[in-house]
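Asks: Here is a sequence with its predicted model. Questions after.
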Amino acid sequence: MKSIWITWEVQRRNRSMSDALDASFYELVTKRKGVFRYLELGFKTFFLLLRERPDVVFAQNPSIVLSVIVVFFKRFFGYSSVVDEHNAGLFPLDGRSKILNRISKYIVLFSDFVIVTNESLYNLCLEWGGRPVIMPDPIPYLSIDSLKEKSITNDVFRVLFVCSWADDEPYSEVLTSASELPSNYYEIRITGRPPVGVESACSDSVKLLGFVSEEDYVKELFYSDAVIVLTKREDCLNCAAYEAVAAGKPGILSDKHALREYFHSGFIFTENRSDNIRDSVKLMRSKKDFYADQILELRRSLLVRDKASLIKLKNIVYKGFLD
C-alpha cells in the first residue's frame, strides 16, 4: 500500500501527521500569487498523482483548491481520498461565501474520509454526509539540543505570544494588556509580521520579533516562561498550543469549549479582553512552577491519547489495504 500526504501550506501538523501515518510527505509551495499560484500548484499536484499512483492520498484543507483536486481526481486514479479539515477549510472566509461553503460541503461529502480535531467538527461533518475521524494534532518532537544555552534574567517573565496578526486573533487586546505590565517584570515577545502602525502602539514591555525561522521559533518557545495563543474562533485547536505542550511550556488560551476540553491542564483560560489577558499573565507568573508541573503531566497524557487515536485512524483509513 502506498500513501502520500500533500499540502500547499507550510505547517507543522502536516509533517507530524504524515510521519505518524507513514505517508510520503509532499509540501508544494510557490512564490506565485493568485490564479498563477493555483495553476502552478494544481499542475504539480496532478503530475505528482500521475507519477506516484498512490493508494491513499491525504490532503490539507485549506487549501480548498487542493482538496477539490484530490477529491475530484480520485475517480480517475482510483485512490482513496482523505482530507485533513481545518476550521478555515470547513468555513472558508469564515462562512461568508455561499459558493465556497458549497464547495466545502462537496469536499466533506465526496471524500472517502475527513479528519477533524474535535467532536463538534465531527458532528458537523456527519450532518453534511461525510465520514469523519477525530485526530487532534500529534504532539510534535521539538529539540534545541544543538543550540547554545542563553542567559535569561530571572526577574523578567518572558511570554511568547504566537501570532500571525490575523483577524481571528485579538492582538490589539494583547497589546493593551501589555501596556499595563511593567517592563522590568514582563516581556511579551510577539511573532509574525505586524500590520503597519503597530510598532508605534507597543509599550516597553513588548518585543516584536517579526518573521522567525523554524529554528528561531523553537528557540523562542524553549526560552520563554509561558506562551499565549488566542483565537476568536470556536472549535479551533491552535497548533501553537500543541507546540507549547511539546516544549513543556504552560500557557494562556482563549476560553473556548474545545480548547478547555483538550488542553485541560497547564493552561489558564481567558476571555479575549485586555483586562482578562493582563490578569492571566500576572497569575501565570505568580504560579509558574505549578503550571509548569501541570503541563508536563498533560504532555504525558496526550502522548498516550495520540497513540490510541492514531491506531484508530489507521484502522479506519487503511482498512481494506491491510486486510
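Replies: Yep, it's here.

Asks: Give me the residues contacting stretch 102-117.
Replies: Stretch 102-117 is contacted by residues 17, 58, 61, 64, 67-68, 70-71, 74, 80-85, 89-92, 122, 125, 128-137, 235, 237, 258, 313, 316-317 when judged by CB atoms under 8 Å, 6 or more residues apart in numbering. Quick note: C-beta positions are derived from backbone N, CA and C, even for glycine.

Asks: If any of these are buried, put those into a ChimeraX selection.
Replies: Here is the ChimeraX command that picks out the buried ones among these, judged by 16 or more other CB atoms under 10 Å:
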select :17,58,61,64,67,68,70,71,74,80,81,82,83,84,85,89,90,91,92,122,125,128,130,132,133,135,136,137,235,237,258,313,317
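
Asks: What about the contacts of stretch 102-117, which are in strands?
Replies: Among the contacts of stretch 102-117, the members found in strands (DSSP state E) are Phe58, Asn61, Ser80, Ser81, Val82, Val83, Asp84, Glu85, Pro132, Val133, Ile134.

Asks: can you list those residues in JSON lines and add pLDDT?
Replies: Listed next are the ones in strands among the contacts of stretch 102-117 as JSON lines, based on pLDDT from 0 to 100:
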{"residue": "Phe58", "pLDDT": "97"}
{"residue": "Asn61", "pLDDT": "95"}
{"residue": "Ser80", "pLDDT": "96"}
{"residue": "Ser81", "pLDDT": "97"}
{"residue": "Val82", "pLDDT": "97"}
{"residue": "Val83", "pLDDT": "97"}
{"residue": "Asp84", "pLDDT": "96"}
{"residue": "Glu85", "pLDDT": "94"}
{"residue": "Pro132", "pLDDT": "95"}
{"residue": "Val133", "pLDDT": "94"}
{"residue": "Ile134", "pLDDT": "92"}
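
Asks: And those residues, which is closest to Arg37?
Replies: Of all those, Arg37 sits closest to Asn61, with 16.1 Å by CB to CB.

Asks: Can you tell me who that closest one pairs with across the strands?
Replies: Beta-bridge partners recorded for Asn61 (DSSP bridges): Glu85.

Asks: hang on, it packs against Glu85?
Replies: Yes. Here Asn61 reaches Glu85: they are 5.4 Å apart, a contact under CB atoms under 8 Å.

Asks: can you map out the helices along the protein?
Replies: Here the chain has its helices, by DSSP state H, at 12-20, 34-52, 64-77, 87-90, 98-110, 119-127, 171-178, 214-223, 239-247, 257-262, 274-286, 288-317.

Asks: Any idea how many residues pack against Arg278?
Replies: Neighbours of Arg278 under the rule other CB atoms under 10 Å: 20.

Asks: Now His257: closest residue in space, sequence neighbours ignored.
Replies: Excluding its sequence neighbours, the residue lying closest to His257 (CB to CB, 6 or more residues apart in numbering) is Glu234, at 7.1 Å.

Asks: pLDDT below threshold where in the stretch 151-300 of the chain?
Replies: Residue ranges of the stretch 151-300 of the chain with pLDDT under 70: 151-154.

Asks: Quickly note the distance from the spatially closest residue to Asp168 that is not a sequence neighbour to Lys2.
Replies: Sequence neighbours aside, Lys232 is the residue nearest to Asp168 in space, at 4.7 Å (criterion: CB to CB, 6+ apart). Computed as CB to CB, to the nearest Å, the Lys232 to Lys2 distance reads 40 Å.

Asks: and if you look at Arg300?
Replies: Arg300 is 34 Å from Lys2, by CB to CB.

Asks: When these two are compared, which one has more neighbours?
Replies: In this view Arg300 and Lys2 are compared by other CB under 10 Å, and Lys2 has more residues nearby, 13 against 10.

Asks: ok now do the more buried one, which residues does it touch?
Replies: Ser24, Glu52, Arg53, Pro54, Asp55, Val56.
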